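# Predicted model and sequence follow; I will ask about them next.
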Amino acid sequence: MRKTILTCVLLTVAGSVAAHQEHHKAEEGHATRDHGEWQEERITIRHDSLWSVEHCSHLEGGHTLQYRFEADIPVNVNVHLHPERDGAYHTIYLHRQDDVRSEADELVTDEPGAYCFEFVPVTRPDEDREIRLQYRVAS
């Protein structure tokens, strides 16, 4: 596994900030997890949609986030951060991999915020498919 330091593209998005933040707050409801314990999420890719699916967790800075996933179909995946900064909405893209069915990696959580795994199907599936995501805060 390689460590990815969180020094990537920073985008400041104006506009529908409040709506997007509410979306993430809803997904973060089960977000802050115990250190060291593997968490598992089963995420459904709907057959009638090419929209991305996402899972976010609120994490503190200064830790290592280990993750792995397996998908029933090829997906484009990115890991991004919505940091807790000055009331403005930001997205920092940390990692991207295209056309994969599985991956295992880790990254350093340099700052607190919502760390999100986003999956986009490469092609529209013929039936609902599943992604099995596991992650833990290792240190």
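Cool, the structure landed.

# going forward, measure contacts between C-alpha atoms and count neighbours the same way
Will do.

# For this structure, which element, helix or strand, carries the lowest mean pLDDT?
strand 10-12 (a mean of 28; mean pLDDT, DSSP states H and E).

# residues making contact with stretch 119-137?
For stretch 119-137, the external contacting residues (CA atoms under 8 Å, 6 or more residues apart in numbering) are 33-54, 63-78, 99.

# can you give me the helices for the chain?
In the chain, the helices defined using DSSP state H lie at 17-27.

# so where's the chain uncertain?
1-34 (pLDDT under 70).

# That one: strands as residue ranges?
Under the criterion DSSP state E, strands of the chain are mapped to 3-4, 10-12, 39-45, 53-59, 63-83, 90-109, 113-121, 129-137.

# Dump the ones you listed into JSON lines; add mean neighbour count as well.
JSON lines is the format used below for the strands of the chain (neighbours: other CA atoms under 10 Å):
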{"stretch": "strand 3-4", "mean neighbour count": "14"}
{"stretch": "strand 10-12", "mean neighbour count": "12"}
{"stretch": "strand 39-45", "mean neighbour count": "16"}
{"stretch": "strand 53-59", "mean neighbour count": "20"}
{"stretch": "strand 63-83", "mean neighbour count": "19"}
{"stretch": "strand 90-109", "mean neighbour count": "17"}
{"stretch": "strand 113-121", "mean neighbour count": "22"}
{"stretch": "strand 129-137", "mean neighbour count": "18"}
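
# From residue 135, how far out is the residue nearest the centre of the chain?
Centroid check for the chain by CA atoms, centre = their mean gives residue 117 as the closest residue, at 1.6 Å. Per CA to CA, to the nearest Å, residue 117 is found 10 Å from residue 135.

# No further questions, thank you.
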